[in-house]
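> no sequence for this one, just the structure:
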Ligand SMILES: Cc1cc2nc3c(=O)[nH]c(=O)nc-3n(C[C@H](O)[C@H](O)[C@H](O)COP(=O)(O)OP(=O)(O)OC[C@H]3O[C@@H](n4cnc5c(N)ncnc54)[C@H](O)[C@@H]3O)c2cc1C
């Protein structure tokens, strides 16, 4: 193991309290939430009370202005316990609310940030549409200014936190460009569709959203009109490196659990760990994981210095998600039939991990970004 150097003792203390919170408040209920297709709404408020939502919120809006690594600690701990894929805290804290912190008007920040911190407001971001995913330029949902209001028409799909969301950042076409509008749940003309049934991430609500002559005040424009792409682009390095950081924790815990399992499980009169195939599989994965951890930590360090670019963050997202798929597949094989049983964490990890090379930008789109710079 190569020692990690990016966290200080205060981060580690914070990690301990996050871990205790997850063990006490999330893990015991998680299987039920998977059956329900969404988490209990109250867990958001409990996380808010403990300061585990949007730790980077500036003090003037009720936060503590913690550095970015505190959010990483939360992502890592959720991933380590196998529940990250269900509770949508990461999306809220590391992606959606930072859009408001970085681009919101004073009025928007005062109105929404305290609730985002306390867990009274759950957020979502709605970009994807039935006919436009990777190709964001192709979205059809349109917002037209009518007096002091934007009128939104269109539909979105695959929206994480969609059922629970109180506030949605909606990407809309406006004139020639794309704009982001803040839409509150309950606004007339805004309807949530069904909770979509997925292969994994069973406790995460994922929804269609519909907008029919939905009117929002023009003050709900986030950033400038037609400049939505720039707002989204600015956040990409943080989004992608946060995803990568959580994934590294899932990978590491998966390997650790597999090592424990193969030491205990016997076949042909000896532990599965005694077979050379098992040893070589584990060694190969461990070597790759060690190298990847060093790369991801360096990217995290660069981000804390404000120097992480979209190219490096895309490489981190591409490589960690592909490594995750490989590791869960190979580890599950070492469990034999038990690996296919939901009661074993490897089964959940296998199902939950499949989305990671798709959501947040597919592997192909990551390669497109990387190759563009290479060939420029
Ligand atoms: C569980 C889940 C949660 C999600 N959460 C959210 C959310 O909260 N908010 C949100 O807005 N969206 C969300 N998404 C949507 C997600 O971001 C999209 O699914 C993803 O961007 C891919 O878009 P698509 O599904 O339309 O696939 P498509 O864009 O149709 O792609 C299909 C295939 O074509 C490939 N492809 C596309 N373009 C190219 C190209 N130029 N070159 C090579 N290959 C290409 C893709 O990589 C993919 O393999 C979520 C999706 C899922 C499944």
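Ah, there it is. Everything numeric here is computed off the predicted structure, so don't read it as measured data.
> Any buried residues in stretch 102-122, and which?
103-104, 108-109, 111-119, 121-122 (16 or more other CB atoms under 10 Å). Just so you know, the C-beta spots here come from the backbone N, C-alpha and C atoms, and that holds for glycine as well.
> same thing with stretch 37-55?
Those would be 37-40, 43-44, 46-48, 51-55, for stretch 37-55 by 16+ other CB under 10 Å.
> likewise stretch 303-315?
303, 308, 310, 312, 313, 314, 315.
> pretty sure the first one contacts residue 240?
No: here residue 303 does not reach residue 240: they are 9.8 Å apart, not a contact under CB atoms under 8 Å.
> returning to that earlier point: among the buried residues of stretch 37-55, which one sits closest to residue 148?
residue 54 (29.6 Å; CB to CB).
> returning to that earlier point: relative to the ligand, which of the buried residues of stretch 102-122 is nearest.
residue 122 (12.1 Å; CB to the nearest ligand atom).
> Okay, residue 367 and the ligand: tell me how far apart.
Counting by CB to the nearest ligand atom, to the nearest Å, the separation of residue 367 from the ligand is 8 Å.
> Am I right that that residue is in a helix?
Yes: assigned with DSSP: H, G, I helix; E, B strand; the rest coil, residue 367 falls within a helix.
> Helix, strand or coil: sort out the nearest residue in space to it that is not next to it in sequence for me.
Distance criterion CB to CB, 6 or more residues apart in numbering; nearest residue to residue 367, sequence neighbours excluded, is residue 318 at 6.6 Å. Recorded secondary structure, residue 318: helix (three-state DSSP).
> Which single residue in the stretch 201-350 of the chain comes nearest to the ligand?
Closest point on the stretch 201-350 of the chain to the ligand, by CB to the nearest ligand atom, is residue 206, at 4.9 Å.
> Please read the previous query as pertaining to the stretch 101-250 of the chain.
For the stretch 101-250 of the chain, CB to the nearest ligand atom, closest residue to the ligand: residue 133, 1.8 Å.
> Not counting residues beside it along the chain, what's closest to that residue?
Nearest to residue 133 is residue 158, by CB to CB, 6+ apart, at 7.7 Å.
> Tell me which residues touch residue 56, please.
63, 65, 66, 67, 68, 70, 71, 93, 98, 101 (CB atoms under 8 Å, 6 or more residues apart in numbering).
> Ok, residue 59 next?
Per CB under 8 Å, 6+ apart, neighbours of residue 59: residue 65.
> From the rest of the structure, what touches the helix or strand encompassing residue 18?
Secondary structure from DSSP states H and E places residue 18 in helix 9-21. Applying CB under 8 Å, 6+ apart, the external contacts of helix 9-21 come out as 7, 46-47, 50, 52, 69-70, 73-74, 76-77, 80-81.
> counting contacts, what elements does whichever helix or strand residue 280 is part of pack onto?
Using DSSP H and E, residue 280 sits in helix 276-304. In terms of contacts (3 or more CB pairs under 8 Å, 6 or more residues apart in numbering; DSSP states H and E), helix 276-304 is packed against helix 68-80, helix 228-264, helix 310-335.
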